[in-house]
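J.: please find the sequence and the predicted model below.
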Amino acid sequence: MTDLSYKYYQSHSKLGFIGQDGQQKLTQARVLIVGAGGLGCPCLLTLAGCGIGTIGIADFDVVSVSNLHRQQLYTVDDVGKSKISIAKQRLLQHNPLLTINEHSLLVARDNVLDLLKEYDIIVDGTDNFAVRYLINDACVYLDKPLVYGAIYQTEGHVTVFNYRQSATLRCLFPEPEAETVVPSCADVGAYNVVTGIIGIMMANEVVKIIVGSSDILINKLVSYDALSAGIRTIAYRENAKSREISIKRFTAGNEATDLSVDEFLILDPDSYRLIDVREDWEHDEFNIGGEQIAMAKFKRYDFSAYAKSDKLILYCLQGLRSRSAAQFLRESGFINAISLRGGLNAYLALK
């Protein structure tokens, strides 16, 4: 331990549950935070101060003015700049002893395993349930503990999934059929007090896992209400079938079920039929054509107007709903149903 690191971490080293041995464990740990937003910022700042030796930050977004009230790593001067680049710069100013890895990408099925595999602990700071399930499933498949936090206006929740085979996200919540089941902060608002508290609580669970605390939030969800200052704990159980579903997601057949935007753009428009699986209001805001059939309607929709041999290209915002929809159609006999990889986000990024 250098003189700088000794002085930097001396307060932590005096704590009984950390000590010098615990601080060394923190220094050697590798933690990935997915999402550098309202939850990710306070979590990152806290983990940097704790001395997590290697921190990975995964996010594809840029800073917007509407982020600033709750995302403390950024300033007005950062608007329009990459979140992960600014976050790395600010965290190293806060603690120059760290190694910080930037992962500028949209988390998707084809990159999530490679993203997660180099880290010891994963922190989910996203606000999209489809991505949350993807991260959860990858953590189960790779046997990585997952620290989970979520907020809804003035309420927040924290728990830890898959720590030493504990219960997972799928054990706690049934999977929604669409990304829009739970609205994002941009849709319903976010109280910055709650994002700060929950983000720091998530960092606390990371530290407890690393130092070997016996009181980690496994199989229990802590719920916090900022207006009443009430805290309650909700117990939940492991469901073996949930783990099987997660693992099957990455062990199922490897047949091509999606195509890239580059591949899509060179196709003859007459060679395929396009289907937007987002909700009506999403389609009305922006679309790239085709029929609109919301994912939630798939199980009861009459697809008799489509031939089983038709090449069906399905799209959504991020390519997650459309991938599920394509798999559903394949299982129903539409063998040429495929998803637009990365969805409209990837399409707009390329265009």
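T.: Cool, got the structure.

J.: surely residue 189 and residue 153 touch.
T.: Yes. At 5.9 Å, residue 189 counts as touching residue 153 under the criterion of C-beta atoms under 8 Å. For every residue, glycine as well, the C-beta is placed using N, CA and C.

J.: just give me the neighbour total for residue 238.
T.: Close neighbours of residue 238, defined as other C-beta atoms under 10 Å, add up to 17.

J.: neighbour-wise, which of residue 189 and residue 153 wins?
T.: Taking neighbours as other C-beta under 10 Å, residue 189 and residue 153 compare with residue 153 leading, 14 against 10.

J.: any low-confidence regions in this protein?
T.: Applying pLDDT under 70 to the chain flags residues 1, 175-187, 252-256, 299, 351.

J.: which residues in it form strands?
T.: Secondary structure of the chain, counting by DSSP state E: strands at 30-34, 54-58, 99-103, 121-124, 146-152, 155-161, 220-225, 230-235, 258-259, 273-276, 291-292, 312-315, 337-340.

J.: quick one: contacts for residue 107?
T.: Contact analysis of residue 107 by C-beta atoms under 8 Å, 6 or more residues apart in numbering lists 34, 58, 115, 126, 131, 134, 135.

J.: are any of those residues buried, and which?
T.: Neighbour-count burial (16 or more other C-beta atoms under 10 Å) is assigned, among the contacts of residue 107, to 34, 58, 115, 126, 131, 134, 135.

J.: just the ones of those in helices?
T.: The helices, defined by DSSP state H, take in 115, 131, 134, 135 from these.

J.: among those residues, which two are most distant?
T.: Maximum pairwise distance in these, criterion C-beta to C-beta, is 11.8 Å, between 115 and 131.

J.: for stretch 270-284, buried residues please.
T.: 272, 273, 274, 275, 276, 277, 278, 279, 282, 283.

J.: now that stretch, how far from the centre of its chain.
T.: Chain-centre distance of stretch 270-284: 25 Å, with C-alpha atoms, centre = their mean, to the nearest Å.

J.: please apply the same query to stretch 211-218.
T.: 22 Å.

J.: now the end-to-end length of that stretch.
T.: Stretch 211-218 has an end-to-end distance of 16 Å (C-alpha to C-alpha, to the nearest Å).

J.: tilt between whichever helix in the chain runs longest and strand 220-225?
T.: Determined from DSSP H, the single longest helix within the chain is helix 192-211. Between helix 192-211 and strand 220-225, the angle comes out at 160 degrees (axes from the mean of the first three to the mean of the last three C-alpha atoms, to 10 degrees).

J.: and helix 192-211, what does it pack against?
T.: helix 19-28, helix 40-50, strand 121-124, strand 146-152, strand 155-161, strand 220-225 (3 or more C-beta pairs under 8 Å, 6 or more residues apart in numbering; DSSP states H and E).

J.: who are the contact partners of the nearest residue to residue 195 once chain neighbours are set aside?
T.: Closest residue to residue 195 apart from its sequence neighbours, by C-beta to C-beta, 6 or more residues apart in numbering: residue 38 at 3.8 Å. Residues in contact with residue 38 (C-beta under 8 Å, 6+ apart) are 67, 70, 71, 125, 127, 151, 185, 190, 192, 195, 199.

J.: what's the closest of the residues you listed to residue 265?
T.: residue 127 (29.7 Å).

J.: from what I see, the closest one and residue 34 are in contact.
T.: No. Taking contacts as C-beta under 8 Å, residue 127 lies outside contact range of residue 34: 11.0 Å.

J.: on that earlier part again, turn the contacts of residue 107 into a markdown table, columns for distance to residue 214.
T.: Shown next, in a markdown table, are those (distance: C-beta to C-beta, whole Å):
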| residue | distance to residue 214 |
| --- | --- |
| 34 | 27 |
| 58 | 30 |
| 115 | 30 |
| 126 | 29 |
| 131 | 31 |
| 134 | 30 |
| 135 | 26 |
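
J.: closest to residue 306 out of the residues you listed?
T.: Taking C-beta to C-beta as the measure, residue 134 is the one of these closest to residue 306, at 27.4 Å.

J.: care to break the protein down by domain?
T.: 3-250, 255-350 (automatic domain parsing).

J.: ok, now which ones touch the nearest residue to residue 310 once chain neighbours are set aside?
T.: Distances taken as C-beta to C-beta, 6+ apart place residue 273 nearest to residue 310, at 5.5 Å, with adjacent residues excluded. For residue 273, the contacting residues are 290, 291, 306, 310, 311, 312, 313, by C-beta under 8 Å, 6+ apart.

J.: number of residues surrounding the fourth one?
T.: A count of nearby residues for residue 310, using other C-beta under 10 Å, gives 17.

J.: that one is in contact with residue 336, isn't it?
T.: Yes. Using C-beta under 8 Å, residue 310 is in contact with residue 336, at 6.5 Å.

J.: wait, isn't residue 215 in contact with residue 208?
T.: Yes. Between residue 215 and residue 208 a contact is recorded at 7.1 Å, counting by C-beta under 8 Å.

J.: with neighbour numbers in mind, choose between these two.
T.: Taking other C-beta under 10 Å, residue 215 and residue 208 do not tie; residue 208 has more neighbours (18 against 7).
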